[in-house]
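# sharing a model prediction with you, sequence too.
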Amino acid sequence: MKRLPLIRSAAELTALVEELGFLPFFRCRVPGYSIEECTPAEYWFVRDVEGPWEWKGPVICGGPCLYGKLFEGKAGYVSREWVPDLLNYRRDGLDFDELYDMGGSSYHARQVWELVSGTPGGILSRELKRRCGFEGKAKQGFDALLAQLQMQTWLCVRDFEYSIDKHGRPYGWGLARYDTPEAVFGADYAKSAMEQRSPEESGARILAHLKKLWPEADEPQLKKLIRL
């Protein structure tokens, strides 16, 4: 079984994302293929020690790379190189209005996407929830809706913002700032694969890349990992 190198810093994680192209945060269908499995335990949720949870912002902004719930509804990274093909494959070559007109997206999903895409610099999760009316009982479907939009690659996490204590140190889990891949990478670049090949061809390129990385993995495993 292939083993990923151990990660001990945000810089090492950034380099690994750029090398692999696709990197799930948590354990997935392919054994050994996750940040969770290649980061020593002493870097996870230890007081005054930064680890994968704290590295997310620097890694997202350092590439930049795509971050969000991208692998079977779970978080992970995709390098800048592979963003156009992933968008082409997951969106099936459509823009959001076309998807909506075909019945492939709900009214609430469109509401969220329009608000995020129309806000320069993105929008924090709590503000997005408030402005879209997902408070009280209605908030139960908010996380699922955001996950769906990220899996479809209409939204991504642009950065994380933290509360600051009296000593000037960040604390807490951090609030996600959501944006669109077009805003993060530039619309022309994000959509460049759509002008060069079909969604099926983009999917085949991604699958071939992953098979080179993990030749021992079954093809059905890899297909389930990258599809919607």
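Structure received. Numbering: from 1, shown residues only.
# lowest-scoring secondary structure element of this protein by mean pLDDT?
The weakest-scoring helix or strand in the chain, judged by mean pLDDT, DSSP states H and E, is strand 170-179 (a mean of 83).
# quote the end-to-end distance of stretch 72-85.
17 Å (C-alpha to C-alpha, to the nearest Å).
# only the buried residues of the least confident helix or strand of the chain, if you could.
The neighbour-count check on strand 170-179 (16 or more other C-beta atoms under 10 Å) flags 174, 176-179 as buried. Heads up, the C-betas are built off the backbone N, CA and C, glycines and all.
# do stretch 203-220 as well
Neighbour counts using 16+ other C-beta under 10 Å place 203, 205-207, 209-210, 213-214, 217 of stretch 203-220 among the buried residues.
# for the residue positioned nearest the centre of the chain, which non-adjacent residue is spatially closest?
Centroid check for the chain by C-alpha atoms, centre = their mean gives Gly68 as the closest residue, at 2.2 Å. Nearest residue to Gly68, sequence neighbours excluded (C-beta to C-beta, 6 or more residues apart in numbering): Gln150, at 3.8 Å.
# secondary structure element for the closest residue to Pro24 other than its chain neighbours?
Nearest residue to Pro24 in three dimensions, chain neighbours excluded: Gly76, at 4.1 Å (C-beta to C-beta, 6+ apart). For Gly76, the host element (DSSP states H and E) is strand 74-78.
# elements contacting the helix or strand following that strand?
Elements were assigned by DSSP H and E; along the chain past strand 74-78, the next helix or strand is helix 83-91. When contacts are defined as 3 or more C-beta pairs under 8 Å, 6 or more residues apart in numbering; DSSP states H and E, helix 83-91 sits against strand 66-71, helix 181-185, helix 187-190, helix 199-213.
# could I get the CA-only coordinates of the first one as CSV?
This file holds the C-alpha atoms of strand 66-71, laid out as CSV (Å, rounded to 0.1, in the frame of the first residue of the first chain):
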residue,chain,number,x,y,z
LEU,A,66,-9.9,24.6,-3.8
TYR,A,67,-11.2,23.6,-0.4
GLY,A,68,-14.6,22.4,0.7
LYS,A,69,-16.7,19.3,0.9
LEU,A,70,-15.5,17.8,-2.3
PHE,A,71,-15.1,14.0,-1.6
